[in-house]
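Colleague: Here is a sequence with its predicted model. Questions after.
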Amino acid sequence: MYLVVGWQSQPTTRYIFPLSAAGANTLLTSKELFSRILAMNITTNELMAVAIKRVDTTLPLPGYATAGSVGFDLVCRETVTIGPRELGRVPGNVIVQTPPGYMLMLTMRSSTAKRKGLLMPNGVGVIDQDYSGEGDELLISVYNFRDEAVTVERGERIAQGIFVPVAQVAWNEVAEMGETRGGFGSTGH
Ligand SMILES: O=c1ccn([C@H]2C[C@H](O)[C@@H](COP(=O)(O)OP(=O)(O)OP(=O)(O)O)O2)c(=O)[nH]1
């Protein structure tokens with residue numbers, strides 16, 4: 001038996017407490033609930049420890065620019081020139097052990113397209129949990145959409161990494177699915 005507690009202002013937030021641990025048919029007072037939440041160490045500023053290795057230790061670790069930043073800015077390890085309308089790869093200087101339950105997503109910083117004329121040709125970079133061996137430096141894929149060459153300097157920050165909760169699933173194959181809901185604008189403007 002479980003008790004699910006949610007807040008209306010944040011409908012996606014759910015804390016689930018097995019009541020059996022407290023005894024069947026036991027209702028918790030709000031004070032007891034809050035002490036359990038605190039005991040679960042759910043805080044907004046608790047940081048997860050993640051193993052990281054720098055390839056070039058003379059460059060700084062990637063960092064969060066502000067207290068509220070969700071992406072950490074990668075620091076480019078080498079100066080790389082990308083020809084007009086060409087693809088390139090810029091080494092991000094770090095190897096990261098992404099924790100179980102997460103993926104590491106790489107995206108461009110929003111300023112990069114205008115400042116450098118570079119896009120990420122793969123849309124977002126998906127960094128697997130097992131891309132964490134000695135040779136597995138994060139690489140930033142880039143596409144130079146301008147008609148002149150562009151140079152990314154060593155130490156420059158063009159991309160960011162974001163840890164995102166993910167799941168692998170076990171397929172449950174079925175013969176039929178339910179009603180379609182449409183898509184691609186089927187609900188109107
Ligand atoms: O922007 C990126 C995208 C990927 N990778 C690394 C980490 C990732 O775990 C690995 C493989 O990426 P992905 O699976 O997207 O590429 P693939 O083309 O399927 O290659 P592979 O066959 O090696 O999986 O390459 C990067 O460093 N930067």
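Modeller: Received, thanks. Numbering: from 1, shown residues only.
Colleague: Where does the record place the domain boundaries for the chain?
Modeller: For the chain, the structural domains run 2-39, 51-165, going by automatic domain parsing.
Colleague: Would you confirm that residue 114 belongs to a helix?
Modeller: Yes: assessed by DSSP: H, G, I helix; E, B strand; the rest coil, residue 114 belongs to a helix.
Colleague: Beta-bridge partners for residue 127, please?
Modeller: Beta-bridge partners of residue 127, counted by DSSP bridges, are residue 104.
Colleague: Okay, it and residue 99: tell me how far apart.
Modeller: Noted for residue 127: a distance of 12 Å to residue 99, by Cβ to Cβ, to the nearest Å. All C-beta spots, glycine's among them, are computed from the backbone N, C-alpha and C.
Colleague: What of residue 71?
Modeller: 17 Å.
Colleague: Those two: who's more crowded?
Modeller: Under the criterion of other Cβ atoms under 10 Å, the comparison of residue 71 against residue 99 puts residue 71 first, with 18 against 15.
Colleague: Look at that one and report its pLDDT.
Modeller: pLDDT recorded at residue 71 is 98.
Colleague: That one: what's it in contact with?
Modeller: Contacts here follow Cβ atoms under 8 Å, 6 or more residues apart in numbering; on that basis residue 71 touches 64, 107, 109, 160-162.
Colleague: For this protein, which segments are assigned as strands?
Modeller: Assigned strands in the chain, in chain order: 2-7, 10-18, 52-54, 63-64, 72-73, 80-82, 87-91, 94-96, 102-108, 118-119, 125-127, 139-144, 150-152, 159-165 (criterion: DSSP state E).
Colleague: now these in CSV, with mean neighbour count and distance to residue 188?
Modeller: What follows is these, written out as CSV (neighbours: other Cβ atoms under 10 Å; distance: least, Cβ to Cβ, whole Å):
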stretch, mean neighbour count, distance to residue 188
strand 2-7, 11, 30
strand 10-18, 10, 24
strand 52-54, 15, 47
strand 63-64, 12, 39
strand 72-73, 19, 39
strand 80-82, 17, 42
strand 87-91, 16, 39
strand 94-96, 21, 43
strand 102-108, 19, 30
strand 118-119, 20, 31
strand 125-127, 18, 33
strand 139-144, 20, 34
strand 150-152, 17, 41
strand 159-165, 18, 30
